[in-house]
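Enquirer: no sequence on this one, just coordinates:
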């Protein structure tokens, strides 16, 4: 996979959370717990964090279910003054991606994952290479509340 989404590469100034999990649905909880603790420690507002966690959870679930990889799934996350971003990477079978996901028509229950991720994030990008894996970049812009409380009159 390209290092475009590699938050931990040497030339990156982003330092943050790095979690590796086996491709097992029970491992998703570990990602959620670590991500929540990290983001709360960095002061990410609850409203931003709820949508972000939902999107990252969907990306992790997709990697576990669809990658068919036997190797670890990696989740990297960082927070700066403007945004929280995460990259979910697997080394599975990959797939052809046309650049925009449209939800399935009708009442079909499957195939909504990419649309969900796009809908709950401000930043979304995906790279997938057949036979090599997939990397999903997800992010939300921070809408931090002012530290100063409004003064009573």
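Expert: Cool, got the structure. It should be emphasised that the depicted structure is a prediction, and the values quoted were computed from it without experimental measurement.
Enquirer: what residues are up against residue 79?
Expert: Counting by C-beta atoms under 8 Å, 6 or more residues apart in numbering, residue 79 touches 16, 38-39, 42-44, 85, 142. All C-beta atoms are positioned from the backbone trio N, CA, C, and that covers glycine.
Enquirer: how about residue 139?
Expert: Residue 139 sits next to 52, 83-86, 121-124 when contact means C-beta under 8 Å, 6+ apart.
Enquirer: and the least confident of the contacts of residue 79?
Expert: Ranked by pLDDT, the contacts of residue 79 bottom out at residue 16 (89).
Enquirer: correct me, but that residue touches residue 75?
Expert: No: applying C-beta atoms under 8 Å, one finds residue 16 not in contact with residue 75, separated by 10.3 Å.
Enquirer: these two: which has the busier surroundings?
Expert: The residue with more neighbours, out of residue 16 and residue 75, is residue 75; 25 against 18, by other C-beta atoms under 10 Å.
Enquirer: which one of the contacts of residue 79 is nearest residue 133?
Expert: Nearest to residue 133 among these, counting by C-beta to C-beta, is residue 85 at 18.9 Å.
Enquirer: which helix or strand contains the most centrally placed residue in the chain?
Expert: Closest residue to the average C-alpha location of the chain: residue 56 at 3.5 Å, with C-alpha atoms, centre = their mean. Assessed by DSSP states H and E, residue 56 sits inside helix 46-66.
Enquirer: buried stuff in that helix?
Expert: 48-49, 52-53, 55-64, 66 (16 or more other C-beta atoms under 10 Å).
Enquirer: of those, closest to residue 116?
Expert: For the buried residues of helix 46-66, the nearest to residue 116 is residue 58 (5.1 Å; C-beta to C-beta).
Enquirer: so the closest one touches residue 119, yeah?
Expert: No: contact between residue 58 and residue 119 fails when scored by C-beta under 8 Å: they sit 9.9 Å apart.
Enquirer: how many other residues sit next to residue 71?
Expert: Neighbours of residue 71 under the rule other C-beta under 10 Å: 13.
Enquirer: can you list the weak-confidence ranges in this protein?
Expert: Scanning the chain for pLDDT under 70 picks out 1-15, 98-112, 144-153.
Enquirer: before we move on, the earlier item: and the contacts of residue 139 as a markdown table, adding secondary structure?
Expert: What follows is those, written out as a markdown table (DSSP: H, G, I helix; E, B strand; the rest coil):
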| residue | secondary structure |
| --- | --- |
| 52 | helix |
| 83 | strand |
| 84 | strand |
| 85 | strand |
| 86 | strand |
| 121 | coil |
| 122 | coil |
| 123 | strand |
| 124 | strand |
